[in-house]
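Engineer: sequence plus predicted model, see below.
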Amino acid sequence: MFMSISTTGTAENPATDLGFLLHKHPGKVQRFSTSHGEAHVFYPEAGDEACTAALLLDVDPIALVRKGRGKGRGGSPDFALAQYVNDRPYAASSLLAVALRTVFRTAMKGVCEARPGLAEQPRPLRISLPAVPANGAGDGGGPAMAGRLFEPLGWQVEASAVPLDETFPEWGESRYVRLELAAAEIRLADALQQLYVLLPVLDGAKHYWVAPDEVDKLLAAGEGWLADHPEQALIARRYLSRRWTLTRRAMERLELARLAEADDREVEEIDNAVDDTVDEAADETGPQGTGPQASVLRGAVSPGAVSQEQRSAADEAAGEKPVSLAEQRRTAITAALREVGAARVADLGCGQGELIGKLLKDARITEVLGVDVSARALSAAARKLRLERLPERMASRVKLVQGALTYTDARLKGFDAAVLCEVIEHLDLPRLPALEYAVFGSARPAAVVVTTPNAEYNVRWESLPAGHVRHADHRFEWDRAEFRAWAERVAAAYGYTAVIRPVGPEDPEVGAPTQLALFRIGTTDEPMAEATPTPASERANVSTEPNPAETATTPEGGETR
């Protein structure tokens, strides 16, 4: 198994700088032990104008079989046919990729302590690989695949199929290609990282078991180029040996990194899904009512002082089962969707999928698209919804995708309705106009349902300190007048009408704990309402009206959405 790396230079910048970059002296032949054989590094030529370093990997086929026996290597089909007669000692594959990392580990990191700054300088490189397996398996292999993988990275690719036998051309071509890569300017570290990833991708197999840590290796080696590669999905799938769970995880992390870079934020800041165990006490304890819960909210006792037995006894005495505020929100949302006759619904900022689960129980909903920026939230949603176990007909009705709601997205267009359930308050206010345009201007569903906390109601929770928001990630919480003003402005700007409704039991002084706005495409001839509350008869595009579906029993406990 052979590979050569060549470069050119001048007297001022000699080509022999390649030796400093590879950390291998041009005047020596060096040998390194690998897990499956011996690697040799030598220089066929070394001068100021041209320098070539060669890596020769001498694979021990007996050791390869012994190490791989019975471990589900899932590699080349040759092993199924003949363990001892195969192409692994000769064709550049994952064996060569591992040897690259073993022999040129420091070079791949872009480190050159002997010549500071040299590793950061791009230089002309030419890489030759006499035999590279390019298996198609439905992905369009051969020389064409080599071009699809390397050309987007700036390489000039010369790939030609190796005939089965040059003496008998009628036998046709083999699955191997001769590969020559040339670049006018590229960092050596980048070139080695690309080879480390793309050699196993071309082969479509690995000589070792692909474990979950391979996702980390792929993203580390692909940093700076994989996220923008047009064949990103193919690379992830083949590098991870078509293990779909790992491939999905890699694609989610790549998309998250892209969104974070576009938003100039850290990945951890964007991927802030609420853990399953988080209890939004202030949101879910329950509004003012009767029984022990009412005492908690009025400040008579602390939340911890009311036992589960007391709550259960109170519930039995009342003859009612408490309904959480989160469930009341979902009930109000589904009622609004039924009101507008929505069949195709996009849940924007779907979190862990609680609303999606409720929508799937409604036979009138034929399609649900769940969108969230958090890969962790989407994974949790898939687990909670049991997507892999759902009947085929129900599973076909739901799709989870990663995306940022502050960017236009063609996938959001064409829906009957979109839902923003407890989402807008998680955005910084300067980012809110971007969401408004992406949803109301670009996606433009026939209806939009928005829910958000009513800040006035926060005083009814004894457990919530004065001046605090209900959740640590809330950037703001609006009172009723502020929410009305926002709804009026958005409705007027994008040609919608809006109706505002309370969600949860209403307090005569501070209103309901949650406020809901139902937007529909269409305008009226009447003037828009003022930002301050006015009687319903005087409002034009925005009105407030109770919803019978929202008169549920006193909530207690519950979920985060």
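Structural biologist: Thanks, I have the structure now. Numbering: from 1, shown residues only.

Engineer: for the residue of the chain positioned farthest from its centre, which residues are in contact?
Structural biologist: Of all residues in the chain, T167 has its C-alpha farthest from the mean position, at 51.0 Å, by Cα atoms, centre = their mean. With contact set as Cβ atoms under 8 Å, 6 or more residues apart in numbering, T167 has no partners. For the C-beta atoms, the positions are set from N, CA and C on the backbone; glycine is no exception.

Engineer: mind checking pLDDT for the residue nearest to Q121 when sequence neighbours are not counted?
Structural biologist: Of all residues beyond its chain neighbours, the one nearest Q121 is R187 (7.5 Å), with distances taken as Cβ to Cβ, 6 or more residues apart in numbering. As predicted, R187 sits at a pLDDT of 94.

Engineer: correct me if wrong: R187 contacts L125.
Structural biologist: No: taking contacts as Cβ atoms under 8 Å, R187 lies outside contact range of L125: 9.1 Å.

Engineer: can you give me the strands for the stretch 201-350 of the chain?
Structural biologist: Secondary structure of the stretch 201-350 of the chain, counting by DSSP state E, counting those that start in this stretch: strands at 344-348.

Engineer: below-threshold pLDDT in it: ranges please.
Structural biologist: Within the stretch 201-350 of the chain, the stretches with pLDDT under 70 are 258-321.

Engineer: could you rerun that using 80?
Structural biologist: Applying pLDDT under 80 to the stretch 201-350 of the chain flags the ranges 205-209, 249, 252-322.

Engineer: helices along that one, start to end?
Structural biologist: With DSSP state H, counting those that start in this stretch as the definition, the stretch 201-350 of the chain shows helices at residue ranges 213-221, 232-239, 244-262, 267-270, 281-284, 292-298, 308-318, 325-340.

Engineer: ok, and the helix or strand in the protein with the lowest average confidence?
Structural biologist: For the chain, scoring each helix and strand by mean pLDDT, DSSP states H and E identifies helix 292-298 as the least confident one, at a mean of 27.

Engineer: and for the strand of greatest length in the chain, what are the contacting residues?
Structural biologist: Of all segments of type strand in the chain, defined using DSSP state E, the longest is strand 173-186. Applying Cβ under 8 Å, 6+ apart, the set of residues contacting strand 173-186 from outside is 87, 91, 122-136, 141-143, 146, 150, 154-164, 191.

Engineer: mind doing that once more with 6 Å?
Structural biologist: 122, 124-135, 143, 146, 150, 154-156, 158-164 (Cβ atoms under 6 Å, 6 or more residues apart in numbering).

Engineer: in strands, which of the residues you listed fall?
Structural biologist: When those are checked against strands using DSSP E, the ones located there are 124-133, 156, 158-163.

Engineer: can I have the buried ones of the residues you listed as a ChimeraX selection?
Structural biologist: The ChimeraX selection below is limited to those of these classed as buried (16 or more other Cβ atoms under 10 Å):
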select :125,126,127,128,129,130,131,132,133,158,159,161,162
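
Engineer: now for the residue nearest to Q121, how many residues are close by?
Structural biologist: The criterion is other Cβ atoms under 10 Å. On that basis, R187 has 18 neighbouring residues.

Engineer: check I5 too.
Structural biologist: For I5, the number of neighbouring residues by other Cβ under 10 Å comes to 23.

Engineer: same question for the one helix or strand it maps to: list its buried residues.
Structural biologist: Following DSSP states H and E, one finds I5 within strand 2-8. By neighbour count, with 16+ other Cβ under 10 Å as the criterion, the buried positions of strand 2-8 are 3-8.

Engineer: in its sheet, what does that strand sit against?
Structural biologist: Taking DSSP bridges as the criterion, strand 2-8 sits next to strand 50-59 (antiparallel), strand 123-133 (antiparallel) in its sheet.

Engineer: following it, which helix or strand comes up?
Structural biologist: Elements were assigned by DSSP H and E; along the chain past strand 2-8, the next helix or strand is helix 17-22.

Engineer: now that next one - C-alpha only, CSV.
Structural biologist: The C-alpha trace of helix 17-22 is given here as CSV (Å, rounded to 0.1, in the frame of the first residue of the first chain):
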residue,chain,number,x,y,z
ASP,A,17,10.5,22.2,4.2
LEU,A,18,8.2,19.2,3.7
GLY,A,19,10.5,17.3,6.1
PHE,A,20,9.9,19.9,8.8
LEU,A,21,6.1,19.7,8.3
LEU,A,22,6.0,15.9,8.4
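
Engineer: that one - contacts with which helices or strands?
Structural biologist: If you count contacts as 3 or more Cβ pairs under 6 Å, 6 or more residues apart in numbering; DSSP states H and E, helix 17-22 packs onto strand 50-59.

Engineer: what comes up buried for the strand it packs on?
Structural biologist: Within strand 50-59, the residues that count as buried by 16+ other Cβ under 10 Å are 50-57, 59.

Engineer: got the angle between the strand holding I5 and strand 173-186?
Structural biologist: Counting by axes from the mean of the first three to the mean of the last three Cα atoms, to 10 degrees, strand 2-8 points 30 degrees away from the direction of strand 173-186.

Engineer: who touches strand 2-8?
Structural biologist: Residues outside strand 2-8 that contact it (Cβ under 6 Å, 6+ apart) are 15, 18, 50-56, 123-130.

Engineer: ok, and what's touching the helix or strand L420 falls within?
Structural biologist: L420 is located in strand 417-421, with elements delineated by DSSP H and E. Strand 417-421 is touched from outside by 333, 337, 342, 345-348, 355, 439, 445, 447-451, 561, with contacts defined as Cβ under 6 Å, 6+ apart.

Engineer: and those residues, which is closest to E45?
Structural biologist: The shortest gap between E45 and any of these belongs to L348, at 60.1 Å (Cβ to Cβ).

Engineer: distance-wise, check the closest one relative to T106.
Structural biologist: Computed as Cβ to Cβ, to the nearest Å, the L348 to T106 distance reads 46 Å.

Engineer: compare those two (neighbour count), which wins?
Structural biologist: Here L348 and T106 are compared on neighbour count by other Cβ under 10 Å; more neighbours surround L348, at 26 against 15.

Engineer: across the sheet, point out what pairs with that one.
Structural biologist: With DSSP bridges applied, the residues forming beta bridges to L348 are V371.
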